[in-house]
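Q: my questions concern the predicted model and sequence given below.
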Amino acid sequence: MRLRPTPRGWALAAAGVVALQLGVSLGSLDLVRAGVLLLVLVGVAFAAVALGDPARGRRRLDVVRDVSPNPVHAGDEAQVRVDVRAADGAGRARLAGLRFAEQAAVELSGGRPLRARVRRAADHVAVTYPVRTTQRGRWPLGPLVVSRTDVFGVVRARTTLGRESEVAVWPAVTALPAPSDVLVGEPDRVALGARTPSTDDANLRDYREGDDLRRVHWRSSARRGALLVRSDERAGMRPVTVLLDLPVRQSTAEWAISLAASVALAMLDGGHPVRLVGAGIAAGRGAVGASAFVHARGGPEARAALLDMTIDLEPARSSAEADAHLLDAARLLHTADAGGEIVIAVLGALSGPARAALAHVGDAAHGWALVQTDGRHAGDTRDAQHTQAALVRAGWRVAGATAGENPVACWLRLLGSAR
């Protein structure tokens with residue numbers, strides 16, 4: 001709690017000091033008494049305000065903060081409601097004279113003061129205001145700052161109520177058309193060169209993460225001691241891995257994360273099991289890992305699970321680090337047996353070793369790639385062209401993209417490259 005005199009308090013204290021000095025100098029007992037009285041008044045005001053701290057004691061005020069929605073997409077607006085409640089008469093008395101202000105990270109307020117609406121009742125105060133998110137991440141909100149003065153307006157106190165809350169901000173996403181005749185169903189198997197099974201085809205293969213458990217052949221699995229599934233792909237959808245290569249530049253990285261999240265949600269909406277692979281995903285900060293497959297039947301929770309994995313992603317600190325993360329991701333896909341999967345990669349310009357490592361992923365998986373440039377550096381554009389050419393030679397379907405362009409245009413360009 002911070003206590004300081006108001007302008008009236010400073011004036012009374014100064015008047016008390018002057019009256020006391022004059023009374024002593026002139027030998028006037030009345031002036032001495034007046035000076036002492038004024039100084040005592042200021043001191044009593046300090047004590048009264050300090051003892052009435054609403055954040056302490058058995059009769060302190062309770063604060064509940066609710067943010068809806070939370071998490072929220074970058075660029076969207078969320079509504080915040082802060083309820084301050086008093087449990088008894090003494091608490092209601094403390095509540096009556098309070099003024100409220102809320103603290104928020106600049107990523108939530110845009111650097112502008114928050115405009116709040118305050119509604120008062122006998123036993124509680126509701127403070128409501130909107131925040132517009134500007135950047136993906138986790139940002140602090142609160143605690144609530146309250147200020148009050150004593151009954152004479154001599155001393156002002158500022159203190160905080162409640163705890164700091166956290167607002168999680170997902171990347172901005174764009175609704176992409178779910179592919180209907182590319183990557184799925186019969187055309188998907190034709191593109192992969194797989195034979196078209198007959199309706200009574202019951203050939204079995206080993207279970208892979210992402211397979212629908214309803215396709216498990218339990219009798220054969222019991223005999224072998226390992227899970228086996230029917231190989232008729234019409235009973236399910238191919239699993240999709242979205243590989244994210246985080247570039248060094250912050251603005252380009254945010255666009256890449258938004259594009260990768262949009263692609264993952266589009267494939268999830270198309271019925272595919274989806275997972276994310278990249279630096280910092282399900283493996284701790286700075287590490288390269290793969291999330292578990294998320295299934296469309298999970299509903300809104302499945303979409304939220306995918307988006308939650310992108311909140312804490314950070315750009316690479318150097319091009320060498322970005323290449324190292326890409327090499328780790330390629331090795332992870334090799335060891336995870338990505339055979340039969342669809343790998344959709346959102347990439348930047350890659351070095352020679354990274355291009356070679358990623359090209360080999362296409363030996364077992366069906367590879368698709370969006371290779372982005374920032375559109376401002378000739379060297380970056382040239383390296384991106386080399387990356388596209390290397391992946392095309394390795395059998396990948398590839399399309400170029402410029403950071404900041406419409407994700408729908410990028411996605412349709414990639415789908416069009418399969419025709």
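A: Thanks, I have the structure now.
Q: now the strands: where do they sit in the stretch 51-200 of the chain?
A: Using DSSP state E, counting those that start in this stretch, the strands found in the stretch 51-200 of the chain span residues 62-68, 72-73, 77-85, 99-104, 117-120, 124-132, 137-149, 155-161, 165-170.
Q: end to end, how far does stretch 166-176 reach?
A: Taking C-alpha to C-alpha, to the nearest Å as the measure, stretch 166-176 stretches 29 Å from start to finish.
Q: list of residues touching that stretch?
A: With C-beta atoms under 8 Å, 6 or more residues apart in numbering as the contact definition, stretch 166-176 has outside contacts at 67, 70-76, 78, 107-108, 131, 133, 135-141, 254, 257-258, 261-263, 265-266, 307-308, 310-311, 406-408, 411. No exception for glycine: its C-beta is placed from N, CA and C like everyone else's.
Q: in helices, which of those residues fall?
A: 107-108, 254, 257-258, 261-263, 265-266, 307-308, 407-408, 411 (DSSP state H).
Q: out of the residues you listed, which is nearest to Trp10?
A: Checking the ones in helices among the contacts of stretch 166-176 against Trp10 by C-beta to C-beta gives Leu108 as the nearest, at 35.6 Å.
Q: mind listing what that closest one touches?
A: 131-134, 139, 141, 167.
Q: what's the answer for Phe46, then?
A: Contacts of Phe46 by C-beta under 8 Å, 6+ apart are 3, 155.
Q: rerun that using 6 Å as the cut-off
A: Contacts for Phe46 (C-beta atoms under 6 Å, 6 or more residues apart in numbering) come out as Val155.
Q: leaving out chain neighbours, which residue sits closest to Thr133?
A: In space, Thr133 comes closest to Val169 once its chain neighbours are excluded; the distance is 4.7 Å by C-beta to C-beta, 6 or more residues apart in numbering.
Q: and the gap between the one you found and Asn70?
A: 9 Å (C-beta to C-beta, to the nearest Å).
Q: between those two, which is the more surrounded one?
A: Val169 (24 against 15; other C-beta atoms under 10 Å).
Q: count of neighbours near the closest residue to Met1 other than its chain neighbours?
A: Closest residue to Met1 apart from its sequence neighbours, by C-beta to C-beta, 6+ apart: Thr159 at 4.1 Å. The tally of other residues near Thr159 (other C-beta under 10 Å) stands at 19.
Q: tell me the bridge partners for Thr159.
A: Beta-bridge pairing of Thr159 under DSSP bridges involves Val146.
Q: do the same with the one 10 residues further on
A: In this structure, Val169 bridges to Val72, Gly137 when assessed by DSSP bridges.
Q: okay, it: pLDDT?
A: Note on Val169: pLDDT of 95.
Q: then Arg382?
A: Here the pLDDT value assigned to Arg382 is 81.
Q: export the strands of the stretch 51-200 of the chain to CSV and append columns for distance to Val240.
A: Output for these, formatted as CSV (distance: least, C-beta to C-beta, whole Å):
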stretch, distance to Val240
strand 62-68, 31
strand 72-73, 22
strand 77-85, 30
strand 99-104, 37
strand 117-120, 45
strand 124-132, 32
strand 137-149, 26
strand 155-161, 47
strand 165-170, 19
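Q: for His325, find the nearest of these.
A: His325 lies closest to strand 137-149 among the strands of the stretch 51-200 of the chain, at 19.5 Å (C-beta to C-beta).
Q: residues touching Gly75, list them.
A: Contacts of Gly75 (C-beta under 6 Å, 6+ apart): Ala172.
Q: swap in 8 Å and give it another go.
A: 132-134, 172.
Q: got the residue ranges for the helices in the chain?
A: Ranges of helices in the chain, per DSSP H, are 7-26, 29-51, 89-96, 106-109, 185-192, 218-224, 250-269, 300-308, 319-335, 352-361, 378-393, 407-416.
Q: now the last one: buried residues?
A: The neighbour-count criterion (16 or more other C-beta atoms under 10 Å) identifies 407, 410-411, 414-415 as the buried residues of helix 407-416.
Q: hmm, back to that, and the helices of the chain, which is most packed in?
A: Most buried of those, by mean neighbour count (mean count of other C-beta atoms under 10 Å): helix 250-269, with a mean of 22.
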